[in-house]
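# no FASTA, just this:
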Ligand SMILES: Cc1ncc(COP(=O)(O)O)c(C=O)c1O
């Protein structure tokens, strides 16, 4: 039996209906933007393996840092103890996040980063004796799969079965073109009730919704509104963080800054699961008290794992390098060139770009479901051609590792063009 066959005996895969799923492709090696399966077939990883891997697979700079840390101090509990890698990550991150962020809390993945932000927003008001128990989020948001993160997520596909078991979240329209006023007014109506502790959003780009984009000036207006009504703003940069939008963070495009930020995915360059939630001093002070009950009683066994911290530190060094910064510009320029070439194609409904993110909506007669036949046909076509892309309904997006070569990127575009001919 090959790996793929052995796999299904025990493994339960994410977002998978095992009854109808095809065999899982067994990957045995990765290098740079490439992956190889057990039959020797090569794939270009054009979505950086769910957006985690900007510096390429099997990156030796990060691997060396991990090895060194593993053989110095692989793990120590973070309750009552600290260590140099955590201090260094904190010092480094605080240099690059917006100025108003002063404290950070480590966890393990994007969902926990969000879970912590939401818990903090709720407990902040609880500690003050104010009843604010609800959260505001965008329509079609995706913030993760744990309960609070799921409650904040608006893609019903992921959350339908759990309605009634989650914290109360009210949704407002995303301020895409034409919806700016509706979004602003909906937020104002909710914020004015004083019942909401926080407003969580994916800044500028809603990833899982299909790279839906909106203007920074609109988000500025929404954040300012929340400031006016003392509703905490939570920027979920789990997808957008660490260069994806062309700047370190999507929030760098804003003129006003959120109260909290959620970071994960590219934080460790796709090596070790880790996440960080950052906060303003005001928020931290809401927990700082002689009363132990006002503390944030949240923690995970692997909080601030030193090996993960070493990977994060190495990753942030890579992000800052001239080479990586040039890659961000190079990929953006290539996307723009491709957009020019493809945008008038009769099967292309619309295209959008921010930083290294490119999305193309295919013209269809009907609304295509998240994991429907149309999407599956596209997915299979790309996989057949050795390109790892995961379309969302009728939206094809590219979010490549920053080290992808021009030739590899051109091949991805070419196959997308070919895909337009088969749908
Ligand atoms: C914006 C956003 N937030 C949170 C998450 C959840 O992250 P994780 O899958 O690491 O729990 C994701 C995952 O795609 C995401 O895109």
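Ah, there it is. Note that the coordinates shown come from a computational prediction; the quantities given were computed from them, not determined experimentally.

# next helix or strand past the helix or strand hosting residue 115?
Assessed by DSSP states H and E, residue 115 sits inside helix 110-127. Remark: after helix 110-127, the chain's next helix or strand is strand 134-138, criterion DSSP H and E.

# Now do that next one: distance to the chain's middle.
Distance of strand 134-138 from the chain centroid (Cα atoms, centre = their mean, to the nearest Å) equals 18 Å.

# elements contacting that strand?
Packing contacts for strand 134-138, counted by 3 or more Cβ pairs under 8 Å, 6 or more residues apart in numbering; DSSP states H and E, involve helix 110-127, helix 147-152, strand 169-172, helix 180-191, strand 196-201. Backbone N, C-alpha and C define where each C-beta goes, glycine included.

# Please repeat the previous calculation with a cut-off of 7 Å.
If contacts are counted by 3 or more Cβ pairs under 7 Å, 6 or more residues apart in numbering; DSSP states H and E, strand 134-138 sits against strand 169-172, strand 196-201.

# close to the ligand, is it?
No. Judged by Cβ under 6 Å from any ligand atom, strand 134-138 stays clear of the ligand, getting no closer than 10.8 Å.

# ok, now stretch 301-311?
No. Legend: contact between stretch 301-311 and the ligand by Cβ under 6 Å from any ligand atom is lacking; minimum distance shown is 13.1 Å.

# Let's see the distance spanning that stretch from one end to the other.
Distance across stretch 301-311, first residue to last, is 18 Å (Cα to Cα, to the nearest Å).

# What residues sit buried inside it?
By 16 or more other Cβ atoms under 10 Å, the buried positions in stretch 301-311 come out as 302-311.

# Among those residues, which ones are in helices?
306-311 (DSSP state H).

# where does this structure dip in pLDDT?
368-370 (pLDDT under 70).

# and it, which of its residues are near the ligand?
109-111, 114, 142-144, 202, 207-208, 236, 238-239, 264.

# count of neighbours near residue 152?
Residue 152 has 30 neighbours, counted by other Cβ atoms under 10 Å.

# Is it correct that it is in contact with residue 138?
No. Between residue 152 and residue 138 there is no contact under Cβ atoms under 7 Å: 8.9 Å.

# separation between residue 273 and residue 173?
Using Cβ to Cβ, to the nearest Å, residue 273 is found at 33 Å from residue 173.

# picking up where we left off before, hmm, which two among the residues of the chain next to the ligand are most spread apart?
109 and 202 (15.8 Å; Cβ to Cβ).

# In terms of neighbours, single out the busier of the two.
residue 202 (26 against 19).

# now the lengthiest helix in the chain: how far from the chain's centre is it?
Secondary structure of the chain per DSSP H: the longest helix is helix 322-342. In terms of Cα atoms, centre = their mean, the centre of helix 322-342 is set 20 Å apart from its chain centre.

# Next: stretch 268-288.
That offset, for stretch 268-288, works out to 15 Å (Cα atoms, centre = their mean).

# Just the terminal-to-terminal distance for that stretch.
Using Cα to Cα, one end of stretch 268-288 lies 30 Å from the other.

# Give the buried residues for it.
Neighbour-count burial for stretch 268-288 flags 268-280, 283-284, 286-287 (criterion: 16+ other Cβ under 10 Å).

# now swap in stretch 102-114 and tell me
Of the residues in stretch 102-114, 103-114 count as buried by neighbour count, 16+ other Cβ under 10 Å.

# quick one: secondary structure of the spatially most central residue of the chain?
With distances taken as Cα atoms, centre = their mean, the residue of the chain nearest its centroid is residue 239 (1.9 Å). Per DSSP: H, G, I helix; E, B strand; the rest coil, the secondary structure class of residue 239 is coil.

# Touching, it and residue 264? I think so.
No. In this structure, residue 239 is not within contact of residue 264 by Cβ under 7 Å, at 9.0 Å.

# Just give the nearest non-adjacent residue to residue 406, would you?
Leaving aside its chain neighbours, residue 406 sits nearest to residue 334 (6.7 Å; criterion: Cβ to Cβ, 6 or more residues apart in numbering).

# The one you found: neighbour count?
Residues lying near residue 334 (other Cβ under 10 Å) number 20.

# which residues does residue 335 contact?
Residues in contact with residue 335, defined by Cβ atoms under 7 Å, 6 or more residues apart in numbering, are 353, 358.

# Quickly note the distance from it to the ligand.
20 Å (Cβ to the nearest ligand atom, to the nearest Å).

# Identify the residues contacting the residue of the stretch 1-150 of the chain found nearest the ligand.
Of all residues in the stretch 1-150 of the chain, the one sitting closest to the ligand is residue 110 (2.1 Å; Cβ to the nearest ligand atom). Going by Cβ under 7 Å, 6+ apart, residue 110 touches 144, 238, 262, 264-265, 275.

# and residue 216, what are its phi and psi?
The phi/psi pair for residue 216 (degrees, to the nearest 10) reads phi -60, psi -40.

# Tell me where the stretch 251-400 of the chain has strands.
Secondary structure of the stretch 251-400 of the chain by DSSP state E, counting those that start in this stretch: the strands cover 260-263, 275-279, 348-354, 357-362, 387-388, 395-398.

# Can you add distance to residue 338 and give the ones you listed back as a markdown table?
A markdown table is the format used below for those (distance: least, Cβ to Cβ, whole Å):
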| stretch | distance to residue 338 |
| --- | --- |
| strand 260-263 | 29 |
| strand 275-279 | 32 |
| strand 348-354 | 8 |
| strand 357-362 | 7 |
| strand 387-388 | 14 |
| strand 395-398 | 9 |
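
# Of those, flag the one that's most buried.
Mean neighbour count (mean count of other Cβ atoms under 10 Å) peaks for strand 260-263 among the strands of the stretch 251-400 of the chain, with a mean of 28.

# Check which helices and strands it is in contact with.
Applying 3+ Cβ pairs under 7 Å, 6+ apart, we find strand 260-263 packed against helix 110-127, strand 232-236, strand 275-279.

# and it, which strands flank it?
Its sheet considered, strand 260-263 pairs with strand 232-236 (parallel), strand 275-279 (antiparallel) by DSSP bridges.

# can you list contacts of that strand?
97, 101, 110, 113-114, 117, 120, 232, 234-238, 241, 251, 275-279, 283.

# tell me the contacts of the closest residue to residue 239 other than its chain neighbours?
In this structure, residue 239 finds its nearest non-sequential neighbour in residue 207, 3.8 Å apart by Cβ to Cβ, 6+ apart. The contact partners of residue 207, taken as Cβ under 7 Å, 6+ apart, are 51, 142, 239.

# Spatially nearest residue to the second one, not counting backbone neighbours?
For residue 142, the nearest residue in space outside its immediate sequence neighbours is residue 208; the separation is 3.4 Å by Cβ to Cβ, 6+ apart.

# Cool, thanks, talk later.
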